[in-house]
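Engineer: build the 3D model from these lines:
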Amino acid sequence: MMISAATPFNLLGQNLSLLPQKAIYWEQQKALIIADVHFGKVGHFRKAGIAVPRDMEQSDLATLSDLVYEHRPEKLLFLGDLFHSDMNNDWDWFILWRSQFPGLQIILIRGNHDIIADSHYQQLNIQLYDELLLGPFLLMHQPLQGDELQNAEGYVFCGHIHPGVCLSGRGRQQITLPCFAFGGRQAILPSFGKFTGKVAIRSQKTDRIFAVLKDKVMAID
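Structural biologist: Model (predicted):
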């Protein structure tokens with residue numbers, strides 16, 4: 001296991017570490033925050049006859065295990081879309097992974113892809129919420145807009161849109177990297193799953209954008 005470089009970020013008096021594995025470690029809560037894992041997506045596509053490497057799911061689970069071993073969290077907070085669709089054979093891999101960390105508190109904020117029956121999660125001792133206020137942060141899946149965002153009872157942490165930032169280099173080369181996007185009242189996390197896309201987002205001048213590279217997280221001025 002390789003120890004990763006973390007980028008510290010203080011928000012509302014809370015100490016956050018932005019990790020290149022596209023997760024956040026929240027010091028005060030001893031919690032890892034992760035969005036849009038989409039476990040089961042590989043099995044979903046393979047079932048439809050689309051050739052996808054089998055080991056992609058195990059790779060995401062191995063990364064998740066590395067994060068738990070490295071940071072020793074008490075809580076694991078999933079901001080929706082933990083499993084991609086209906087149950088398939090990849091669920092068995094997730095059951096095996098869960099058995100390795102029986103004392104870890106796991107909370108899932110339901111996302112639009114989380115359609116598996118609650119009972120299956122409850123059998124794995126996973127708590128389910130539509131949204132959850134924890135400290136100064138309101139944990140959700142989809143971003144809020146307009147009055148809903150202004151009237152939210154906490155600073156929103158969410159996912160759903162798989163945000164990316166487009167960077168330009170010499171010779172007009174462009175690359176879109178996953179990113180953490182912190183606005184005035186809302187933070188959007190990158191998608192954790194490797195088998196997911198990303199959409200370049202438009203940021204306001206007041207936003208703090210952090211691009212995710214292979215082994216570090218870099219603030220974008």
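Engineer: going forward, measure contacts and count neighbours with C-alpha atoms only.
Structural biologist: Fine.
Engineer: check contacts around the residue most central in space within the chain.
Structural biologist: The centre of the chain sits closest to A35, judged by CA atoms, centre = their mean, with a distance of 2.1 Å. Under the criterion of CA atoms under 8 Å, 6 or more residues apart in numbering, the contact list for A35 reads 23, 78-82, 141, 158-160, 189-192.
Engineer: before we move on, what about F83?
Structural biologist: By CA under 8 Å, 6+ apart, the residues touching F83 are V37, H38, F39, G40, K41, H113, D114, I116.
Engineer: from the contact counts, what lies against the longest strand along the chain?
Structural biologist: Residue-count comparison of every strand in the chain, with assignments taken from DSSP state E, identifies strand 174-182 as the longest. Contact here means 3 or more CA pairs under 8 Å, 6 or more residues apart in numbering; DSSP states H and E; on that basis strand 174-182 packs against strand 163-168, strand 186-188, strand 208-212.
Engineer: got the buried residues for the shortest one?
Structural biologist: Of all the residues in strand 186-188, those buried under the rule 16 or more other CA atoms under 10 Å are Q186, A187, I188.
Engineer: nearest to A152 among those?
Structural biologist: Checking the buried residues of strand 186-188 against A152 by CA to CA gives Q186 as the nearest, at 9.6 Å.
Engineer: can you pull the pLDDT of the closest one?
Structural biologist: Note on Q186: pLDDT of 96.
Engineer: now it, which residues is it bridged with?
Structural biologist: Going by DSSP bridges, Q186 is paired in beta bridges with V156.
Engineer: so it touches G159, yeah?
Structural biologist: No - applying CA atoms under 8 Å, one finds Q186 not in contact with G159, separated by 10.3 Å.
Engineer: what touches both of those two?
Structural biologist: Both Q186 and G159 are contacted by P143, under the criterion CA under 8 Å, 6+ apart.
Engineer: now, of the contacts of A35, which are buried?
Structural biologist: Taking 16+ other CA under 10 Å as the criterion, what is buried in the contacts of A35 is 23, 78-82, 141, 158-160, 189-192.
Engineer: specify which member of those residues is nearest to P178.
Structural biologist: Distances from P178 to those, taken as CA to CA, are shortest for P190 (5.7 Å).
Engineer: settle this for me: the closest one is touching C179, isn't it.
Structural biologist: Yes - using CA under 8 Å as the test, P190 is close enough to C179 to be in contact (5.5 Å).
Engineer: I appreciate the help and will end here.
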